[in-house]
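Novice: Here's my sequence, what's the structure:
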Amino acid sequence: MAQGHTITIEQGDQHVRVVHGDQVLAESERPLVLRETGSPVRYYIPAEDVRLDLLTPSETHTYCPFKGTASYWSLPDAPDLVWAYPDPKPDVAEIKDHLCFYEVEVS
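Specialist: A predicted model of the protein is given here:
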């Protein structure tokens, strides 16, 4: 990690839900909570808890020097709404097979 840059990942027990319009896209009791310097807390949701059938893979890929290359999925009216790291760097290996959304309801 770069000096002053940290990423911590812990197993959460929060109930997280992702709703877009009137569709529930994801719901989980077992998110991973990722905290990264300079970024908002992100909830990575196990793939089994995400309605992958509603999402379409996007052409978008981004690179993070700390996490690796991200792949994105879209809805017809919401491009690149969700992302994941199919082959994350070893320091964040836990996030493999988990997806992350920009807007998550936590309770």
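Novice: you'd agree residue 53 is in a helix?
Specialist: Yes. Checked against DSSP: H, G, I helix; E, B strand; the rest coil, residue 53 lies within a helix.
Novice: Next, count neighbours for the residue nearest to residue 50 when sequence neighbours are not counted.
Specialist: Once flanking residues are discounted, residue 50 sits nearest to residue 26: 4.3 Å by C-beta to C-beta, 6 or more residues apart in numbering. (C-beta placed from N, C-alpha, C; glycine too.) Neighbour count for residue 26, taken as other C-beta atoms under 10 Å: 25.
Novice: Read off the pLDDT value for residue 26.
Specialist: pLDDT, residue 26: 98.
Novice: What are the buried residues along the helix or strand hosting it?
Specialist: In this assignment (DSSP states H and E), residue 26 forms part of strand 23-28. For strand 23-28, burial by neighbour count (16 or more other C-beta atoms under 10 Å) applies to 25-26, 28.
Novice: can you put these in TSV and add distance to residue 41?
Specialist: Conversion of those to TSV gives the following (distance: C-beta to C-beta, whole Å):
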residue	distance to residue 41
25	19
26	16
28	15
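Novice: what about the spatially closest residue to residue 75 that is not a sequence neighbour, neighbour count?
Specialist: Once flanking residues are discounted, residue 75 sits nearest to residue 81: 5.6 Å by C-beta to C-beta, 6+ apart. Taking other C-beta under 10 Å as the criterion, the count of residues near residue 81 is 20.
Novice: residue contacts, the residue nearest to residue 50?
Specialist: The contact partners of residue 26, by C-beta atoms under 8 Å, 6 or more residues apart in numbering, come to 16-18, 45, 49-51, 99, 101.
Novice: Do a quick rundown of the helices in the protein.
Specialist: Using DSSP state H, no helices are found in the chain.
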